[in-house]
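> I need the structure of the sequence given here:
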Amino acid sequence: MSDLPISGGWHGEPAPDAAPAPVPPSLPPPLPSTVTAPAWRNYLRAIYAGCRIALLGRPSLQGLRLGPGVFWALLATSLLVGCGMDWLAAEAPRQFDLWGLESQAFFFLPLLLFATVLAWLSARPELLWRYAALVAAAGLLIDTVGGLIYQHLLPQGQHADRWYWVYYAFVQCWNFAVAWRVLSLLGAMGSAVRRGMAAAVVAAVSAALFHYIPYSPIWGQDYGADEAQEARPRLVAEEVFARQDQLMWQALANIAPTRPGKPSLYFVAYAPDGEQDVFRKEALYGTRLFAERFGAAQRSLTLVNSHSTVKELPLASVSNLDQGLRAIGRKMNPQQDILFLYLTSHGSRDATLATELPGLSFSSFNAPRLARMLKDSGIRWKVIVVSACYSGSFLDSLKDDHTLVMTAARADRTSFGCSDDAEFTYFGRAYLEQGLNRSTSFTEAFATARTLVEQWETRDKEVHSEPQIAEGALIGARLEQWRATLPAAGQNTPAGSGRVVK
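Numbering: from 1, shown residues only. Here you go, the predicted model:
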């Protein structure tokens, strides 16, 4: 046998007393497969997280992808929600306004700017889209609830301004709380004090934008729809203005002169906005009312901008009104006779009345210009009614000791009832049809009209227009002397569609 040592068994198997072979190290366990949620599910999770944040909850952000795609999708959703709410709030027929879409999208620019500054200060680039997306998602609930409160639940009437500021403060406090919650969830800005300061900056910027940049709806009422349906003849400016001398001569020739020893009332109706037919109807009714009830049948002048009367009545232009007032002033006795001037149109905050007729252009008409006309006419005793939005802005220019001025609204309020299918504006119906058919006192009729207008606006949930009155120190006695000459009150003048009164 061989003397060599035996190192193993047959075929190389280890000997029974040999050391066991080393066990190879175990492989690491396989990584769990990651399943990415679909984009639509991630989008819905972002909306859910935003709603929880808006309710001041703490949603889980684990696995939620918040990038630029989610933010732009939420921006589009916000605009769609705003579009739907504006459509529901607007009266038919509705009109789409592209500027409303652009102006509402503009409000997301400050959000992106703040998110960019936040990411830069925190040295965390991912915060830009995460913060912007979460605030945009929370804004869906804030804007929806805030819009519903403003459109349907905000109280109207005498204390509307006070309730508006309560609503305004509520929305800004909500914006502050949401900004604080999002910063806390993202662990941004370090300490609670710094987060509070950042949230305060967000609320302040939001408050400034909310207050100084007017909200422009995406859908609004289409006031031109009715006009488009009407087949109106095309006006030839040269023909229309050439006809004015003859129409004015005919109208002024029929005005009777003063009555010696007996005060007379002269009536002038001025309806310069021909884009809506309600002003024509109101002016013509006023002319008929004063002819039948107040003895002004031979002492009336009606100036109207309307396609339907352009061949029969003089235009409501500045030059025609100036000429008419001067001619009436020459026929009046300035010591005893009274002018009643009724103006009805759209108005603006700068004491200007709209002077329009499609196809023609006019010079502007405002309160200072009217005051100069009246002064140049030599007319002393005056009653002036301005039925228009913001018509209270006319008071300062027109009031004096010899004048009674009444307006349909405060200087900073709108009036209501302007539509083609209406016979009157709210104030026109309340003052002409209701007030002056009940009383021959112009101030008593105004008190009746103010009460009725307030009731109608409360019914319709509108901000009260608050009609204004300024009575000069001497005009009241002159009006009482004139009222004493009126015959016993006859039948009331019914409302009508505005037939032409010559």
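> contacts, neighbours, all on C-alpha from now
Will do.
> how is this protein carved up into domains?
39-221, 237-483 (automatic domain parsing).
> mind giving me a markdown table with these and columns for mean neighbour count and mean pLDDT?
Formatted as a markdown table, the domains of the chain follow (neighbours: other CA atoms under 10 Å; pLDDT from 0 to 100):
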| stretch | mean neighbour count | mean pLDDT |
| --- | --- | --- |
| domain 39-221 | 17 | 84 |
| domain 237-483 | 20 | 93 |
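> quick one: the helices in the stretch 301-450 of the chain?
Taking DSSP state H, counting those that start in this stretch as the criterion, the stretch 301-450 of the chain carries its helices at 318-331, 367-377, 395-398, 426-428, 442-459.
> for the lengthiest helix in the chain, the distance to its chain's centre please.
Identified as the longest helix of the chain according to DSSP state H is helix 160-186. In this view, helix 160-186 has its centroid 23 Å away from the chain centroid, taken as CA atoms, centre = their mean, to the nearest Å.
> and the next helix-or-strand element following that helix, what does it pack onto?
Next helix or strand after helix 160-186 toward the C-terminus (DSSP states H and E): helix 192-212. When contacts are defined as 3 or more CA pairs under 8 Å, 6 or more residues apart in numbering; DSSP states H and E, helix 192-212 packs onto helix 160-186.
> Touching, Phe416 and Tyr426? I think so.
Yes: in this structure Phe416 lies within contact range of Tyr426 using CA atoms under 8 Å: 5.6 Å.
> and the strand or helix carrying Cys83, what other elements does it pack with?
Using DSSP H and E, Cys83 maps to helix 68-89. Packing contacts for helix 68-89, counted by 3+ CA pairs under 8 Å, 6+ apart, involve helix 39-54, helix 98-106, helix 127-148, strand 219-221.
> The helix or strand following it pairs with which strands, parallel or anti?
Downstream of helix 68-89, the first helix or strand assigned by DSSP H and E is strand 94-96. Paired strands of strand 94-96, with direction, are strand 219-221 (antiparallel) (DSSP bridges).
> how about the strands in the stretch 251-400 of the chain?
Under the criterion DSSP state E, counting those that start in this stretch, the stretch 251-400 of the chain contains strands at 265-271, 300-304, 338-344, 352-353, 365-366, 381-387.
> Render the CA-only coordinates of the first one in CSV, please.
Taking C-alpha atoms only, strand 265-271 is exported to CSV below (Å, rounded to 0.1, in the frame of the first residue of the first chain):
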residue,chain,number,x,y,z
LEU,A,265,-94.9,123.6,-15.3
TYR,A,266,-92.7,122.9,-18.3
PHE,A,267,-91.6,119.3,-18.8
VAL,A,268,-88.5,118.0,-20.6
ALA,A,269,-87.7,114.3,-21.0
TYR,A,270,-84.2,113.3,-22.0
ALA,A,271,-83.4,109.6,-22.8
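> between the helix holding Cys83 and helix 39-54, how many degrees?
Counting by axes from the mean of the first three to the mean of the last three CA atoms, to 10 degrees, helix 68-89 lies at 70 degrees to helix 39-54.
> Report the angle between helix 68-89 and helix 98-106.
140 degrees.
> List the contacts of helix 68-89.
Residues outside helix 68-89 that contact it (CA atoms under 8 Å, 6 or more residues apart in numbering): 43, 46-47, 94, 101, 104-105, 108, 129, 132-133, 136-137, 139-140, 143-144, 147, 151, 217-220.
> tell me the angle of that helix relative to helix 127-148?
Going by the same axes, to 10 degrees, helix 68-89 makes 10 degrees with helix 127-148.
> Show me how far helix 68-89 is from its chain's centre.
That offset, for helix 68-89, works out to 21 Å (CA atoms, centre = their mean).
> Including distance to Gly187, could the helices and strands packed on helix 68-89 go into CSV?
Shown next, in CSV, are the helices and strands packed on helix 68-89 (distance: least, CA to CA, whole Å):
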stretch, distance to Gly187
helix 39-54, 15
helix 98-106, 28
helix 127-148, 10
strand 219-221, 40
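> So which of the ones you listed is nearest Gly67?
helix 127-148 (5.2 Å; CA to CA).
> Report all helices and strands that the closest one contacts.
helix 39-54, helix 68-89, helix 109-122, helix 160-186.
> Of all these, which one is nearest Glu444?
helix 160-186 (26.6 Å).
> which secondary structure elements does the closest one contact?
By 3+ CA pairs under 8 Å, 6+ apart, helix 160-186 packs against helix 39-54, helix 127-148, helix 192-212.
> so that helix versus helix 192-212, what angle?
140 degrees.
> ok so, going back, let me have the strands of the stretch 251-400 of the chain in JSON lines, extended by distance to His464.
Formatted as JSON lines, the strands of the stretch 251-400 of the chain follow (distance: least, CA to CA, whole Å):
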{"stretch": "strand 265-271", "distance to His464": "24"}
{"stretch": "strand 300-304", "distance to His464": "28"}
{"stretch": "strand 338-344", "distance to His464": "19"}
{"stretch": "strand 352-353", "distance to His464": "20"}
{"stretch": "strand 365-366", "distance to His464": "24"}
{"stretch": "strand 381-387", "distance to His464": "15"}
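> closest to Gly324 out of the ones you listed?
strand 300-304 (7.6 Å).
> Give me the contact list for that closest one.
By CA under 8 Å, 6+ apart, strand 300-304 touches 251-252, 255, 266-274, 280, 283-284, 287, 291, 310, 313-317, 320-321, 324, 501-502.
> List the residues that contact the closest residue to Thr448 other than its chain neighbours.
Take Thr448 and drop its neighbours on the chain: the residue closest to it by CA to CA, 6 or more residues apart in numbering is Gly435, 5.5 Å away. For Gly435, the contacting residues are 444-449, by CA under 8 Å, 6+ apart.
> ok, 6 Å please
Going by CA atoms under 6 Å, 6 or more residues apart in numbering, Gly435 touches 445, 448-449.
> thinking again about what came up before, redo the helices and strands packed on helix 160-186 as JSON lines? Include distance to Gln298.
Output for those, formatted as JSON lines (distance: least, CA to CA, whole Å):
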{"stretch": "helix 39-54", "distance to Gln298": "69"}
{"stretch": "helix 127-148", "distance to Gln298": "54"}
{"stretch": "helix 192-212", "distance to Gln298": "52"}
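> Just tell me which of those ends up closest to Val236.
helix 192-212 (42.7 Å).
> Please save the CA atoms from the closest one in PDB.
C-alpha atoms of helix 192-212 as PDB (Å, rounded to 0.1, in the frame of the first residue of the first chain):
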ATOM      1  CA  ALA A 192     -43.500  78.000  13.600                       C
ATOM      2  CA  VAL A 193     -42.800  81.700  13.800                       C
ATOM      3  CA  ARG A 194     -41.300  81.800  10.300                       C
ATOM      4  CA  ARG A 195     -44.200  79.700   8.900                       C
ATOM      5  CA  GLY A 196     -46.600  82.200  10.500                       C
ATOM      6  CA  MET A 197     -44.900  85.100   8.900                       C
ATOM      7  CA  ALA A 198     -44.800  83.400   5.500                       C
ATOM      8  CA  ALA A 199     -48.600  82.600   5.800                       C
ATOM      9  CA  ALA A 200     -49.300  86.200   6.700                       C
ATOM     10  CA  VAL A 201     -47.500  87.400   3.600                       C
ATOM     11  CA  VAL A 202     -49.600  85.100   1.500                       C
ATOM     12  CA  ALA A 203     -52.800  86.300   3.100                       C
ATOM     13  CA  ALA A 204     -51.800  90.000   2.700                       C
ATOM     14  CA  VAL A 205     -51.000  89.500  -1.100                       C
ATOM     15  CA  SER A 206     -54.300  87.600  -1.500                       C
ATOM     16  CA  ALA A 207     -56.200  90.400   0.300                       C
ATOM     17  CA  ALA A 208     -54.700  93.100  -1.900                       C
ATOM     18  CA  LEU A 209     -55.500  91.200  -5.100                       C
ATOM     19  CA  PHE A 210     -59.000  90.400  -3.900                       C
ATOM     20  CA  HIS A 211     -59.700  94.100  -3.100                       C
ATOM     21  CA  TYR A 212     -58.000  96.100  -5.800                       C
END
